[in-house]
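> okay, here's the prediction I keep looking at, along with the sequence it came from:
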Amino acid sequence: MSQKQQMNKFSKGLMIAAIGAGVSILLGKAFPLLGSSLFAILCGIVLNASQRLPQSCRAGLSYSGKNLLQYSIILMGFTLSFQKVTQLGLSSLLISLPTISVAFLAAFAMGYLLKAPKILTALVGMGTAICGGSAIAAASPILEADEEDMALSLSTIFFFNILAVFIFPFFGHLLSMTDNQFGVWAGTAINDTSSVVAAAFSYSKAAGEIATVVKLTRALMIIPICFGMMGLKLLKHSKEDKNGKKVNLAKVVPWFILYFMLASLLASLGWVPAFLLPICKFLSQFLMAMALVGIGSQVSVDAFRKQGVAPLLIGVVAWGCVSVASLLIQYFLGI
C-alpha cells in the first residue's frame, strides 16, 4: 500500500478524532473538574453507540487510539524534568512491584476457584498487573493463547478501563486525595495507559503527569515478565509456537517509553529550544485527546453482553485487590 493510499485510509477517521478532540478540549476548559480526557473518551463512546459511524472512518480512529497516544506521551516527555521522571519512577516501584504480585495472586486464586482456563486467567492477570491490552498482546503468543482467550481477556480489561475513568476521580475527591496521592494510585491501580491518562488528567494536570510517569514505569515490567515466560516456555519447547511462528521480541519492548525518557533527558539538558516547549505541550494534549476519542470509539456494549461471568469475576477481584493494596501501601509508606 502506497503512502497516499495509507493517508486516504486513515484521513476520515483522523479528521473525526481531531474534531472530537477540539470539542473535548473546549468542554474541558468549560468544566475543568471533569477535564478534556473524560469528554474525549465519552465522545468516542457516543460515536460508536450512535451506529452512524461510517466504516471508512474505523481505520483512522483505530490508528488514533493506538499510535497517537504513544506520540502524545513522547511529546509530554519534553515538558517534564528527567530528574523528576527518574526519581518518581524509581520511588513508584515500591508500590508497583507489590501490586503486580497482588494482581497475579488474586487472578490465579480466583481462576482456580472458578475453574477457569489457565491461559485466560493468566492473560487477565497480566492485563491487570502490567498495562492492559498491551500486556495481553505481548503475552498471548508466548502463552500460545487462542483468539477466544484473547478476545475475552481484552474485553474484560477494557471494561474495567472504562469503569476506572469514571469511578477513580470520584473516589479520589471523596477521599480528599492530593494530586500526588491520586497520581500514584491511578498509575499503579488502573490497567491501561489510556485510562490512566483519562482518569488522572480529569482529576488534575499535576495528577495526570505523575500518573503517566508511574504507569510507564509499571509498564516497563512487561519486559522482564515476558522474558521470564519465554524462558519457561523455551525449557519445554523450541523458539517457535504451535503455529510455527516465532515470538517477535520487538513487540514485547514498549519502545515509546524509551523515547519518552529520551525526550525528557534532552529537555532537561537544555537541548530543546524554549519556544518549542509550549508547542510540544499543546500537541501532546491535542494528540492525547484524539487518541482517547479513538479508544472510546472501540467500545462495544454487545461485546460485554456476550462475555462469560468467569473473566469478569477474575478481573474485578484482581483489580479490586490491586486498588486497595495500592492505597494501603501508600498509607504505610506515608506518601
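Nice, I can see it. Numbers count the residues shown, from 1 in each chain.
> got any ranges where the stretch 101-250 of the chain has weak pLDDT?
133-134, 137-138, 141, 147-148, 151, 223, 226, 230, 232-250 (pLDDT under 70).
> next, residue 53: secondary structure please.
Taking DSSP: H, G, I helix; E, B strand; the rest coil as the rule, one finds residue 53 in the coil state.
> surely it and residue 294 touch.
No: the pair residue 53 / residue 294 is not scored as a contact, 11.5 Å apart, by CB atoms under 8 Å. C-beta here means a position set from N, CA and C on the backbone, and glycine is covered the same way.
> need the residues touching each of these two.
residue 61 (CB atoms under 8 Å, 6 or more residues apart in numbering).
> got the contact list for the one helix or strand residue 125 maps to?
Assigned by DSSP states H and E, residue 125 belongs to helix 118-129. Residues outside helix 118-129 that contact it (CB under 8 Å, 6+ apart) are 99-100, 103-104, 106-108, 110-112, 133, 135-136, 139-140, 143-146, 149-150, 152-154, 156-157, 160, 191-192, 221, 225, 310-311, 314-315, 318-319, 322.
> coming back round to it: with neighbour numbers in mind, choose between residue 53 and residue 294.
Neighbours were counted for residue 53 and for residue 294 using other CB atoms under 10 Å; residue 294 has more, 31 against 17.
> show me the contacts for that one.
Contacts for residue 294 (CB under 8 Å, 6+ apart) come out as 13, 17, 44, 60, 61, 62, 63, 64, 65, 66, 68.
> so the fifth one makes contact with residue 11?
Spelled out, that is residue 61. No: the pair residue 61 / residue 11 is not scored as a contact, 11.5 Å apart, by CB under 8 Å.
> neighbour count winner among those two?
Using other CB under 10 Å, the more surrounded residue of residue 61 and residue 11 is residue 61, with 28 against 14.
> using PDB, write down the CA coordinates of the helix or strand where the more buried one lies.
Using DSSP H and E, residue 61 sits in helix 58-63. Presented in PDB, the C-alpha positions along helix 58-63 are these (Å, rounded to 0.1, in the frame of the first residue of the first chain):
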ATOM      1  CA  ARG A  58     -12.800   3.000  11.600                       C
ATOM      2  CA  ALA A  59      -9.200   2.600  10.400                       C
ATOM      3  CA  GLY A  60      -8.300   6.200  11.300                       C
ATOM      4  CA  LEU A  61     -10.000   6.100  14.700                       C
ATOM      5  CA  SER A  62      -8.200   2.800  15.400                       C
ATOM      6  CA  TYR A  63      -4.900   4.400  14.400                       C
END
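> buried ones in the very next helix or strand once past that helix?
Tracing the chain past helix 58-63, the next element assigned as helix or strand by DSSP H and E is helix 69-77. By neighbour count on 16 or more other CB atoms under 10 Å, the buried set for helix 69-77 is 69, 70, 71, 72, 73, 74, 75, 76, 77.
> for helix 69-77, name the packing helices and strands.
With contacts taken as 3 or more CB pairs under 8 Å, 6 or more residues apart in numbering; DSSP states H and E, helix 69-77 sits against helix 193-203, helix 205-219, helix 255-268, helix 276-296.
> so which of these is the most surrounded?
Stretch with highest mean neighbour count among these: helix 193-203 (a mean of 29; mean count of other CB atoms under 10 Å).
> identify the residues contacting that helix?
Applying CB under 8 Å, 6+ apart, the contact partners of helix 193-203 are 34-38, 40-41, 65, 69, 73, 131-132, 134, 161-162, 164-165, 168-169, 172-173, 179, 182-183, 186-187, 190, 207-208, 210-212, 215-216, 219, 288, 291-292, 295.
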